[in-house]
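Visitor: Mind looking at a prediction? Sequence and model below.
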Amino acid sequence: MPRRSKFIIAANRLPAHRVGDGRASRWVRSPGGLVSAMAPVLAKHTGCWIGWDGAVGRASHANVLDGLTLAPVGLTRGQVDAFYSGFCNGTLWPLYHDAIVTPQFHRAWWEYYRDVNARFAAAILRRAARRAMVWIHDYHLQLVPALLRQTRPDLRIGFFLHIPFPPEELFAWLPWRAAILRGLLGADLVAFQTEASSQNFSRAARRWTNGEGTDREVKIDSHTAHVRPIPISIDAATMESLAREPEVIEMARLIREQLGNRRMILGVDRMDYTKGIHDRLMAFEELLSERRLSVDDTVYVQIAVPSREESLGYREVRREVEERVGRINGQFSEPGSVAVHYFRRSLSHRELAAYYLAADVMLVTPLRDGMNLVAKEYVACRHDLGGVLVLSEFAGAAWELRRALLVNPRDIEAMKAVIIQALRMPTRERRMRMSILRVQVKRHDVFEWADVFLEELGA
Ligand code: F6P
């Protein structure tokens, strides 16, 4: 029997991954704000993190890394295909992101989703001490709260959705909508990135289940689920101190020099059809062809992190983006002045901080996004008050970062105009906007987010 914990986090992925083969392999902590925010909480409460280790087949053994107990859940090939690539990323992900690609509804995938959620619930139950606090993350595990409540009403259960919760009319497509809502309503606290998602959820819950109540509280079967918007953030202080390191500042200078000291526009995204990379490239291409921009003095750098290549729509978005980059470079690049620099790989936080520091304009223009932490990272890094953030109205971050230049990413003319506006922005206005953005990001960091969540949960 594993050691019982007073505080448990469950997420599809563990906050660490294995490097190396066989007996020589070891765990390495994954970078990211969520891990940093949770580490002190887990340490204080002798906590444990339950999640998939990313491997196919038998789970590796539980392990302690930097004081963090990691309890891996294993997924078989069939579960990876039907649960992760299938139901999570082929049904829920597109449905929750405005059906940008058409969600697929397969009964077999749903069966796998139910099974894997039950496995996670069982793993939690094996480890949860009496009256433990359980914090469940994201769309992969929406059935877990109710599964826990059925057998262990003593637990305090919180759920946070990192992606948007769709409007009622879209959510209604889901053949298993009532089961998912009932699953979530098993939590004491169900939290979302924005007010809109929070309202969408409580309205759907009242419509498709026997739950009753308000936008903030849904009562079902003598249990009350509290519903709140609690927007996630980043570890702003760590990001800023990285960007203040002399080597990072020097790296930023070198990047600019290597790009010919041209004005630099930057995009940093997972390669995902929700991120609007292709539309952004179209806007840049049109500006070049209309001669409103020239490769002599402007360059666009796109960093695209490979993601979910086995899931629906991901190969297509990569092909579209790469074809567009090829087309733009074929037509506009000059010797020594490439129009678009495209990197398909992930960068370390240190390298990212250098790119953020080097960029005159940061384009964060997803078609729909739960929050978008890249926007906040950019702001945290700009201690020099340089740089302009162009932000999609459809990113959760737009609810907070009001002094960014907000844009509808489907409106290519508006995108073009905003890129020009950003490049030409007078220094005074740029500094003023960035200072206001920085106050917001520094004040509301990921530690505050975790505190608010736990306070609402009654920790
Ligand atoms: O934004 C949702 C999310 O699931 C994040 O939690 C995660 O970091 C990202 O998407 C990447 O997803 P995946 O775990 O499928 O690689």
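Guide: Here it is on my side, so go on.

Visitor: need the contact list for Leu95.
Guide: 103, 166, 170-171, 173-174 (C-beta atoms under 8 Å, 6 or more residues apart in numbering). No exception for glycine: its C-beta is placed from N, CA and C like everyone else's.

Visitor: I'd like to know the phi and psi angles of it, please.
Guide: phi -60, psi -40 (degrees, to the nearest 10).

Visitor: Can you give me the neighbour number for the residue in the stretch 1-150 of the chain that the ligand sits nearest to?
Guide: Proximity to the ligand, evaluated over the stretch 1-150 of the chain using C-beta to the nearest ligand atom, is greatest for Arg13 at 5.1 Å. Here the number of neighbours of Arg13 (other C-beta atoms under 10 Å) works out to 18.

Visitor: was I right about it contacting Trp52?
Guide: Yes: counting by C-beta atoms under 8 Å, Arg13 touches Trp52, with 5.7 Å between them.

Visitor: What separation do you get for the residue of the stretch 1-150 of the chain closest to the ligand and Leu75?
Guide: As for Arg13, its distance to Leu75 is 11 Å (criterion: C-beta to C-beta, to the nearest Å).

Visitor: Name the residues contacting each of these two.
Guide: Common neighbours of Arg13 and Leu75 are listed as Trp52 (criterion: C-beta under 8 Å, 6+ apart).

Visitor: Show residues contacting the helix or strand hosting Ile9.
Guide: Assessed by DSSP states H and E, Ile9 sits inside strand 5-13. Outside strand 5-13, the residues that touch it by C-beta under 8 Å, 6+ apart are 30, 38, 41-42, 44-52, 54, 69, 84, 88, 120, 123-124, 127-129, 131-138, 140-141, 144.

Visitor: what's the answer for stretch 443-450, then?
Guide: Residues from elsewhere that reach stretch 443-450 (C-beta under 8 Å, 6+ apart): 33-34, 36-38, 41, 230-237, 400.

Visitor: From the chain's centroid, how far away is it?
Guide: Relative to the chain's own centre, stretch 443-450 is displaced by 16 Å; criterion: C-alpha atoms, centre = their mean, to the nearest Å.

Visitor: and stretch 244-259, which residues are buried?
Guide: Of the residues in stretch 244-259, those with enough neighbours to count as buried (16 or more other C-beta atoms under 10 Å) are 248-249, 251-252, 255-256, 259.

Visitor: for stretch 217-226, same thing?
Guide: Residues of stretch 217-226 classed as buried: 218, 220, 225-226 (neighbour count, 16+ other C-beta under 10 Å).

Visitor: quick one: low-confidence ranges for this protein?
Guide: Flagging of the chain using pLDDT under 70 yields the residue ranges 31-33, 36, 40.

Visitor: Flag every residue of it that's near the ligand.
Guide: When proximity is defined as C-beta under 6 Å from any ligand atom, the chain approaches the ligand at 13, 138, 162-163, 307-308, 370.

Visitor: so which residue of this protein comes closest to the ligand?
Guide: As assessed by C-beta to the nearest ligand atom, the ligand sits closest to His162 within the chain, at 4.6 Å.

Visitor: so which helix or strand takes in that residue?
Guide: Assigning secondary structure by DSSP H and E places His162 outside every helix and strand.

Visitor: How about the contacts made by His137?
Guide: His137 sits next to 9-12, 34, 159-160, 162 when contact means C-beta under 8 Å, 6+ apart.

Visitor: ugh, typo on my part, it should be Ser337
Guide: Applying C-beta under 8 Å, 6+ apart, one finds that Ser337 lies in contact with 260, 262, 295-296, 299.

Visitor: Same check on Ala179?
Guide: Applying C-beta under 8 Å, 6+ apart to Ala179 gives the contacts Leu143.

Visitor: helix or strand for it, which one?
Guide: Ala179 belongs to helix 177-185, assigned by DSSP H and E.

Visitor: Any buried residues in that helix, and which?
Guide: Counting neighbours by 16+ other C-beta under 10 Å, one finds that the buried residues in helix 177-185 are 177, 179-185.

Visitor: Show me the domain layout of this protein.
Guide: Under the assignment named as automatic domain parsing, the residue ranges that make up the domains of the chain are 5-232+447-457, 236-443.

Visitor: quick one: terminal-to-terminal distance for the longest one?
Guide: Read it as domain 5-232+447-457. Taking C-alpha to C-alpha, to the nearest Å, the span from the opening residue of domain 5-232+447-457 to its closing residue is 17 Å.

Visitor: Any idea how far that domain is from the middle of the chain?
Guide: Its chain's average C-alpha position is 14 Å from that of domain 5-232+447-457, according to C-alpha atoms, centre = their mean.

Visitor: isn't Met415 right next to Leu281, touching?
Guide: No: under the contact definition of C-beta under 8 Å, Met415 does not touch Leu281, with a separation of 10.3 Å.

Visitor: which residues does Ala71 contact?
Guide: Residues near Ala71 by C-beta under 8 Å, 6+ apart: 2, 48-51, 62, 123, 127.

Visitor: now it: how far from Ile8?
Guide: Ala71 sits 9 Å away from Ile8, going by C-beta to C-beta.

Visitor: now Ala55
Guide: On the measure of C-beta to C-beta, Ala55 and Ile8 end up 21 Å apart.

Visitor: what does Leu147 give?
Guide: Relative to Ile8, and taking C-beta to C-beta, Leu147 is found at 14 Å.

Visitor: The two: which is more packed in?
Guide: Comparing Leu147 with Ile8 by other C-beta under 10 Å, the one with more neighbours is Ile8, at 28 against 20.
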